[in-house]
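>>> This is the structure alone, sequence omitted:
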């Protein structure tokens, strides 16, 4: 499977069965699949969703949004639980308005799921950890 390094954005290949072993980037030697959500910006977003063979679950959020702040710990918890099965990322809509516009984000938090570069589903609104885990497991397969 092809995985984009969240640190240096280098492309890496890893056998699917080894993704649970916390593989390291061949370029920068850091972990490829962190147990926490990664921050994506306009420059890195396209590379991650286009080049990653793992599903990418993106939380579009803003610092001023109360429901976003309430859901952040649940999103981080689910990212840890599903480490190696999906990449969890966050996009600050205030810092990246072009991405918000490109994906027609009308309310936040909004979760978008990408598989092989294409958006496959989205969910608007905050969810508690249990519901978020169940939803994520369904959408990543």
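Yes, it's here. As the structure is a prediction and not an experimental result, all values here were calculated from the model. Numbering: from 1, shown residues only.
>>> The closest residue to residue 34 other than its chain neighbours: neighbouring residues, count only.
Taking C-beta to C-beta, 6 or more residues apart in numbering, and ignoring the residues beside it in sequence, residue 34 has residue 6 as its nearest neighbour in space, at 6.1 Å. Every C-beta, even on glycine, is put in place using the N, C-alpha and C of the backbone. Other residues within reach of residue 6, judged by other C-beta atoms under 10 Å, total 22.
>>> Quick check, residue 6 in contact with residue 38.
Yes: at 4.2 Å, residue 6 counts as touching residue 38 under the criterion of C-beta atoms under 8 Å.
>>> shared neighbours of those two, which are they?
By the contact definition C-beta atoms under 8 Å, 6 or more residues apart in numbering, residue 6 and residue 38 are jointly contacted by residue 87.
>>> Surely residue 114 is in contact with residue 120?
Yes: counting by C-beta under 8 Å, residue 120 is a contact partner of residue 114 at 6.9 Å.
>>> Neighbour count: these two, which is higher?
Applying other C-beta under 10 Å to residue 114 and residue 120 shows that residue 114 carries more neighbours, namely 24 against 12.
>>> what pLDDT does that one get?
Per-residue pLDDT puts residue 114 at 97.
>>> and it, which of the three is it?
When classified by DSSP: H, G, I helix; E, B strand; the rest coil, residue 114 comes out as strand.
>>> C-terminal to the strand or helix carrying residue 71, what's the next element?
Element membership for residue 71 (DSSP states H and E) is helix 66-81. Next in sequence after helix 66-81, counting helices and strands by DSSP H and E, comes strand 87-92.
>>> how far does that following strand sit from the chain's center?
Centroid displacement of strand 87-92 relative to its chain, using C-alpha atoms, centre = their mean, to the nearest Å, is 4 Å.
>>> outside of that strand, which residues touch it?
Here strand 87-92 has contacts from 3, 6, 33, 36-41, 45, 48, 52, 54-63, 75-76, 78-79, 82, 99-100, using C-beta under 8 Å, 6+ apart.
>>> Just list whatever residues bridge to residue 13.
Beta-bridge partners recorded for residue 13 (DSSP bridges): residue 2.
>>> Hmm, I typed the wrong one, I wanted residue 110.
With DSSP bridges as the rule, residue 110 is bridged to residue 60, residue 124.
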